[in-house]
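> build me a model from this:
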Amino acid sequence: MTHHFRIRFLLLVALLATVKIGCEEPASPPAIPASKYAAPESPAPYAQRIESVVPGVALTDITSAAGIEFTHRTGAFGSKWMPETMGGGGAFFDYDNDHRPDLLLINSNYWPGHAPKNAEIPTNKLYRNLGDGTFEDVTATAGLSELSSYAMGVAIADYDGDGDRDIFLTAVGKNHLLQNDAGRFRDVTDTAGVGFSRCDGKASPWEWSAGAAWLDHDRDGDLDLFVTNYVQWTPQTDLWTTADGKTKTYATPQQYRGATCVLFRNNGDATFTDVTKQAGVYNPDGKSLSVVTDDFNDDGWTDLVVTNDTQPNFLYINNTDGTFTNRALSAGVAYDENGLARAGMGVDVADLTNKGPRAIAIGNFAGEPVSLYTQAGPHAFIDRAGAAKLTKPTNTVLTFGLRFADLNLDGFDDLLLANGHIEPDIARIREGWTFAQSPQLFLNDGQGRFVDHTKQASAIALAPMVGRGLATADIDGDGDLDVLIAANGASPRLLRNDHLGQSRVVRIRLIGNAPNLDAIGARLRAQVRGSVISRFMTTGGSYLSQSEPTVTIGLADAGIIDRLDVRWPDGTTQHLESLAADPVHPITYVVTQGETTLRTERSRSTQHDRP
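All right, here's what the predicted structure looks like:
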């Protein structure tokens, strides 16, 4: 991060459901030829919008009405220790297998010796979705009330393949792996061996982890764990920094040494091995915050994007042998167009035009607009934030969480940003900058350009806050995606989506072969009137947060997915035809790997926004 504006120069160079199911023999699909990524900018017929006007979205703050009572504790006591301003994450996931997304909110802690007298020790909070628009605090009954740490972020997966989803918490200090046993969690960190990294010998008790993602990096069937580490900070090495020459401000990472990311390989016996160096992802110069997975060359092997704060980003392309190569520099995603490293915070990936190429969005510091690295080849990207109309409206905010999601169900991914500065006194120090900042909502026009819809969505729901994590899920069963925005040192916001169109929707839940039952690493492609909507099953992305795994496919006014192709994590493929939408009760299709039958689940929600 940097507290000064950077001078921008010109870009000099650019790198040039009747349901029928069929199965094929396992095979890794061939890489998409580079020519497929070099399509002209003019819209192709199959990419035309289904509706001529972008449908609107209305967001309603239901935090209190839903029963969410939570305050993120930073532990701040006046000394402005660096981690205090960075935390605040959350996750939507179904912890009790009732097919409704529950909510986990991540808390930090008081520093040793600085807890207020008689203060309740902060813990993470788990809220069970009751299915009627409200949530119940089940932290104690789920076995989470006794765990207290300086937690930062979360990644969810059924890593042991027993049918329920487990929790991995990143933290300043020891990370924690919590195994789900029929809705009650137990700490298995020590036996699993994922509390600290091992690649540099004995880890510091103050090791600072931030983002995490579960993936099957070696395609052996079970889920491995990738963890981002930030900087080498301790209370003893905390530096006095100032922006006005008089008072201490929160430090930025330039003053601290970086820390390598870590890859833990799943041994298949409830233990993990640190394979960071063997896998080629060891890089102690990184100051990493977030990670997201995708398959950028469509070879059937999962790749990684890692954001770094004031250091070049990483793009780890899978070599298909359990190792990775960092191609960020040659691919054009390491730096900005001026060759400068930005303050990479949150990250997400989407196909914005339904043509195939992916776009990587990265949130940056105030004075650095959101990056939108758009694919021009399997390993080549160009920052098209300006062409997408994102540069000006995002230049003055500090973006942490960001999430691609089709909020208006028109078939194209929109963009949500969670914004907020790191310095509470920034308004006094820098004119025009504020600590609390409005979240932003940009609607996709179908050609990869965005329309700022923030004010129209809700002035109240998107009022200024110190935003950090961001996640989406259909919490009320009405088919559209609702939003969580986690806050630093304050209460989160749970926003109900009351989209203003009449678009129809199909939801898809995958069940893969054990032990990867959530089919993490699968690719879905849905053909709707010739347009191809693509989704990759990932557990990473955004900032310190995770969204529900069920896939939402907006159909606009179409009534059916003509064909759905699923490439499973092991490379086998499966196709389905004629998946119809229900205009009253949204349908979730449950696709099980290798089975010739298809289950459906119909929502019985209160239907806030549907006729």
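> tell me the spacing between the most far-flung residue of the chain relative to its centre and Ser79.
What lies farthest from the middle of the chain is Lys246; by Cα atoms, centre = their mean that is 37.8 Å. Here Lys246 is placed at a distance of 16 Å from Ser79 (Cβ to Cβ, to the nearest Å). Placement of C-beta: from N, CA and C, glycine included.
> do Trp208 as well
17 Å.
> tell me where the stretch 401-550 of the chain has strands.
414-419, 440-444, 450-452, 467-473, 482-487, 493-497, 504-511, 523-528, 531-536 (DSSP state E, counting those that start in this stretch).
> find the one among the ones you listed with the highest mean neighbour count.
strand 467-473 (a mean of 30; mean count of other Cβ atoms under 10 Å).
> which stretches of this protein have low pLDDT?
1-53, 604-611 (pLDDT under 70).
> spatially central residue for the protein, please.
Gly541 (2.4 Å).
> for it, give me its contacts.
Ala213, Ser290, Val291, Val292, Gly346, Val347, Asp348, Val349, Arg403, Ser547 (Cβ atoms under 8 Å, 6 or more residues apart in numbering).
> also Val333?
Contacts of Val333 (Cβ under 8 Å, 6+ apart): Val305, Asn313, Leu315, Ile360, Ser371, Tyr373, Phe381.
> please report phi then psi for it.
Main-chain dihedrals, Val333, degrees, to the nearest 10: phi -110, psi 0.
> nearest residue to it in space, please, no chain neighbours.
Tyr373 (4.6 Å; Cβ to Cβ, 6 or more residues apart in numbering).
> state whether that neighbour is indeed within a helix.
No. Per DSSP: H, G, I helix; E, B strand; the rest coil, Tyr373 lies outside any helix segment and is strand.
> look up how far Tyr543 lies from it.
17 Å.
> among the two, which residue is more densely surrounded?
Tyr543 (31 against 27; other Cβ atoms under 10 Å).
> quick one: the more buried one and Ala361 touch, right?
No. Using Cβ atoms under 8 Å as the test, Tyr543 is too far from Ala361 to be in contact (11.6 Å).
> show me where this structure has helices.
Along the chain, counting by DSSP state H, helices occupy 189-192, 276-279, 328-331, 391-394, 426-429, 454-457.
> and of those, who's closest to Asp269?
helix 189-192 (10.0 Å; Cβ to Cβ).
> flag every buried residue along the closest one.
Thr189, Ala192 (16 or more other Cβ atoms under 10 Å).
> repeat that for stretch 573-592.
For stretch 573-592, by 16+ other Cβ under 10 Å, it's 573-577, 579-581, 586-592.
> so which pair among the residues you listed is furthest apart in space?
Checking these with Cβ to Cβ, the most distant pair is Thr573 and Pro586, at 26.2 Å.
> how far does stretch 93-104 stretch from one end to the other?
Start and end residues of stretch 93-104 are separated by 8 Å (Cα to Cα, to the nearest Å).
> again with stretch 352-370
15 Å.
> now it, how far from the centre of its chain.
The chain centre lies 13 Å from the centre of stretch 352-370; the measure is Cα atoms, centre = their mean, to the nearest Å.
> heads up, I number from 31, so please use that
From this message on, residue numbering opens at 31, which makes the last subject stretch 382-400.
> okay, buried residues for it please.
Quick answer for stretch 382-400 (16+ other Cβ under 10 Å): 382-385, 387-400.
> please flag which of those sit within strands.
Ala389, Ile390, Ala391, Ile392 (DSSP state E).
> ok, the third one to Leu432 distance?
Ala391 is 6 Å from Leu432, where distance means Cβ to Cβ.
> quick check: neighbours shared by these two?
Val377, Asp378, Val400, Leu445.
> what about the third one, distance to Ala487?
Between Val400 and Ala487 the distance, using Cβ to Cβ, works out to 18 Å.
> for the last one, same thing?
Per Cβ to Cβ, Leu445 is found 12 Å from Ala487.
> and if you look at Gly119?
For Gly119, the distance to Ala487 - Cβ to Cβ - is 23 Å.
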